[in-house]
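Visitor: My questions concern the predicted model and sequence given below.
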Amino acid sequence: MKSTNKVQPVFYWAIGILAVIIFSGVLFPNTLESITGIIKGFISSTFGWYYLIVVTFFVIVSLYLILSSYGNIKLGKPDEKPEYGYLTWFAMLFSAGMGIGLVFFGAAEPLSHFAIQSPTVDEGTSEAARESMRFVFFHYGVHAWGIYAVIALCIAYFNFRKGKSGLISATLSPIMNTDGIAGKVIDTFALVATVTGIVTSLGLGAVQMNGGLSYLTNLPISFFIQVIIIIIVSMLFLTSAMTGLDKGIRILSNFNMVLALILFLFIAIFGGATLYSLDLFTNTIGTYIQTLPELSLRSAPGSPDDREWITNWTLFYWAWWIAWSPFVGTFIARVSRGRTIREFTIAVLIVPSLVGFIWFSLLGGTGIFLEANEIINISTLAEEEMLFSILGTMPFSTIASILTIILIGVFFITSADSATFVLSMHSTNGSLNPKNRIKFVWGIVLSLTAITLLYSGGLQGVQNVMIIAAFPFSIILLLMVFALLKSLKLEKLNAKQQKTKLRSKD
């Protein structure tokens, strides 16, 4: 299927659905928050088991593809070579996946599990410190990247090897006819889910930038400040998207990685908890691997408090990664052409997970160390202020805090810019050169949706809509995996038959 630059009906359908959400949030903010909260509560309480099983299934499929003979199949033609070297490719894999989440939750999640609510042990104890990191590794480890791996594999395989378009619906061609209304419905769901996943990251970014500015200048943490932040950053990423500054985005992405490394090294040198963090990392890797099956399917039946914790953390993350996956999957697929399924899956599962584990061990370990030794009481602060409070205990804290705000801002810009491209591509039948007006519309929609959901329910409102949108897309993702496995089986069968024919001729 050839891509065109023509706007497809899915663009108007998705914009219509999002427009209803935006206008409902503006006109009836309390009603929108209430309705989305009820729907989110129903999905979480009724289908929590489903989220746990389906995400674990994606991990199992990824491991199966690594170990099976399918692992030798290339994501492209048999003689194609990878476009990027390993180091560049690894950096792209990591930068695509989690960005703002790593900065926002880097200290906040470990501290929350350690000091506020531990799901398994008493808070504030050494056991709580170990347990907090185990759950953080669980949320940011192979389960998250297993979701990204399967969707990126599906897109890359059907696009580069089978010559299909880069649309989500094209990956389902082995099991259904996607040329009609069914394909358009699937692509519409993908667009809406992607917007909610991206908006969650943008909302977190705006709130944490507000927290950093509040820490530095005593500005209030308020919706008004967050709107100003979103408007300013939106002007920057829209300017980039309109002018097609691909080189500029690459420079910004590299700049972001350098800033993240500087922040990491700064905390490692001045944080005073590096050895503790290394011990925590080493211990947690062992317990994470040992208890992974138990963690994967832990649903806490009969325990309302534990169930609520799973809903607020694990189910939130699984929904976020699923909603975020069309965007991340499309990006990872594009930079992985020429890789075999085995090397692709190993790299996507292992490399970003390990980097994330090291990151959380240092930021979270430093926060836990400071809290446990009563150097500073961080857990009483809002999540968006925790990282800046940790930096405040170190020399050159103001400079470090400013660099952190810049880091979040550039993550915001690069994520939103890339997102407008991916959304526009999926709106124009997979076109690699979507028109600027389509990118502009998507940029405005992203910004308005983020502002509206923050207005109607704060971060909780953003999370409610994201969890709701992720549910139907998880079903599409399941169908994509079955279509991939069916196509791989058929390809192996055809190759075997071809070899048999050649032997019979000899």
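Guide: Yep, that arrived. Numbers count the residues shown, from 1 in each chain.

Visitor: Run through the strands of the protein in chain order.
Guide: Ranges of strands in the chain, per DSSP state E: none exist.

Visitor: mind showing which ranges of it have poor pLDDT?
Guide: 1-5, 94-98, 243-250, 457-459, 502-506 (pLDDT under 70).

Visitor: From Met176, how far off is the closest residue to Ala273 other than its chain neighbours?
Guide: Leaving out its chain neighbours, the residue that sits closest to Ala273 by C-beta to C-beta, 6 or more residues apart in numbering is Phe369, at 3.7 Å. Glycine gets a C-beta too; all of them are placed from N, C-alpha and C. Distance of Phe369 to Met176, given as C-beta to C-beta, to the nearest Å: 53 Å.

Visitor: now do Lys439
Guide: Taking C-beta to C-beta, one finds Lys439 at 30 Å from Met176.

Visitor: before we move on, what about Thr452?
Guide: 34 Å.

Visitor: what sits against Met386?
Guide: Contacts for Met386 were tallied using C-beta atoms under 8 Å, 6 or more residues apart in numbering; they are 107-108, 111, 367, 378-379.

Visitor: again, only using 10 Å
Guide: With contact taken as C-beta atoms under 10 Å, 6 or more residues apart in numbering, Met386 is in contact with 104-112, 208, 211, 363-364, 367, 371, 378-380.

Visitor: And the helix ranked longest in the chain, what does it pack against?
Guide: Secondary structure of the chain per DSSP state H: the longest helix is helix 436-505. Under the contact criterion of 3 or more C-beta pairs under 10 Å, 6 or more residues apart in numbering; DSSP states H and E, helix 436-505 touches helix 9-27, helix 29-67, helix 142-156, helix 181-217, helix 223-243, helix 316-334, helix 397-427.

Visitor: So for Val355, which of these sits nearest?
Guide: Of all those, helix 142-156 sits nearest to Val355, with 10.7 Å by C-beta to C-beta.

Visitor: Just checking the distance from the closest one to the centre of its chain.
Guide: On the basis of C-alpha atoms, centre = their mean, to the nearest Å, helix 142-156 sits 11 Å off its chain's mean C-alpha point.

Visitor: Show me what it is packed against.
Guide: helix 29-67, helix 86-97, helix 292-296, helix 316-334, helix 341-372, helix 436-505.

Visitor: And stretch 437-451, what's buried?
Guide: 438-439, 441-443, 445-451 (16 or more other C-beta atoms under 10 Å).

Visitor: okay, those residues in TSV with distance to Phe471 next?
Guide: Shown next, in TSV, are the buried residues of stretch 437-451 (distance: C-beta to C-beta, whole Å):
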residue	distance to Phe471
Ile438	27
Lys439	28
Val441	26
Trp442	23
Gly443	26
Val445	21
Leu446	21
Ser447	25
Leu448	23
Thr449	18
Ala450	21
Ile451	24
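
Visitor: Show me which pair in these is furthest apart.
Guide: Ile438 and Ile451 (20.7 Å).

Visitor: Count the residues that sit near Lys77.
Guide: 11 (other C-beta atoms under 10 Å).

Visitor: actually Lys501, sorry about that
Guide: When neighbours are counted by other C-beta under 10 Å, Lys501 comes out with 10.

Visitor: how close does Pro304 get to Ala416?
Guide: Taking C-beta to C-beta, one finds Pro304 at 38 Å from Ala416.

Visitor: what's stretch 273-287 in contact with?
Guide: With C-beta under 10 Å, 6+ apart as the criterion, stretch 273-287 contacts 110, 129-138, 141, 267-268, 271, 295, 354, 357-370, 372-373, 375, 390.

Visitor: how about a cut-off of 6 Å?
Guide: 133-134, 137, 268, 361-362, 365-366, 369 (C-beta atoms under 6 Å, 6 or more residues apart in numbering).

Visitor: swap in stretch 194-208?
Guide: By C-beta under 6 Å, 6+ apart, the list of residues contacting stretch 194-208 reads 100, 104, 226, 229-230, 320, 323-324, 326-327, 384, 408, 412, 415, 419, 449-450, 454, 459, 462, 465-466, 469.

Visitor: from those, which would you call buried?
Guide: Buried, going by 16+ other C-beta under 10 Å: 100, 104, 226, 229-230, 320, 323-324, 326-327, 384, 408, 412, 415, 419, 449-450, 454, 459, 462, 465-466, 469, out of the contacts of stretch 194-208.

Visitor: what about Ser397, distance to Val121?
Guide: Distance from Ser397 to Val121, by C-beta to C-beta: 32 Å.

Visitor: Correction: the previous question concerned Tyr64.
Guide: 34 Å.

Visitor: Who has more neighbours out of those two?
Guide: Val121 (16 against 13).

Visitor: Leaving out the residues flanking it, which one is nearest to that one?
Guide: Using C-beta to C-beta, 6+ apart, the closest residue to Val121 is Glu127 (4.4 Å).

Visitor: Which residue of Pro304 and Ala416 possesses the greater neighbour count?
Guide: Neighbours were tallied for Pro304 and for Ala416 using other C-beta under 10 Å; the higher tally belongs to Ala416 (27 against 8).

Visitor: residue contacts, the more buried one?
Guide: Phe237.

Visitor: cutoff 8 Å now
Guide: Per C-beta under 8 Å, 6+ apart, neighbours of Ala416: 198, 202, 233-234, 237, 443, 446.

Visitor: next one: Tyr64
Guide: Taking C-beta under 8 Å, 6+ apart as the definition, Tyr64 has no contacts.

Visitor: repeat for Trp145
Guide: Contacts of Trp145 by C-beta under 8 Å, 6+ apart are 97, 348-349, 352-353.

Visitor: What about those residues, which one has the most neighbours?
Guide: The contacts of Trp145, ranked by neighbours (other C-beta under 10 Å): first place Val348, 28 neighbours.
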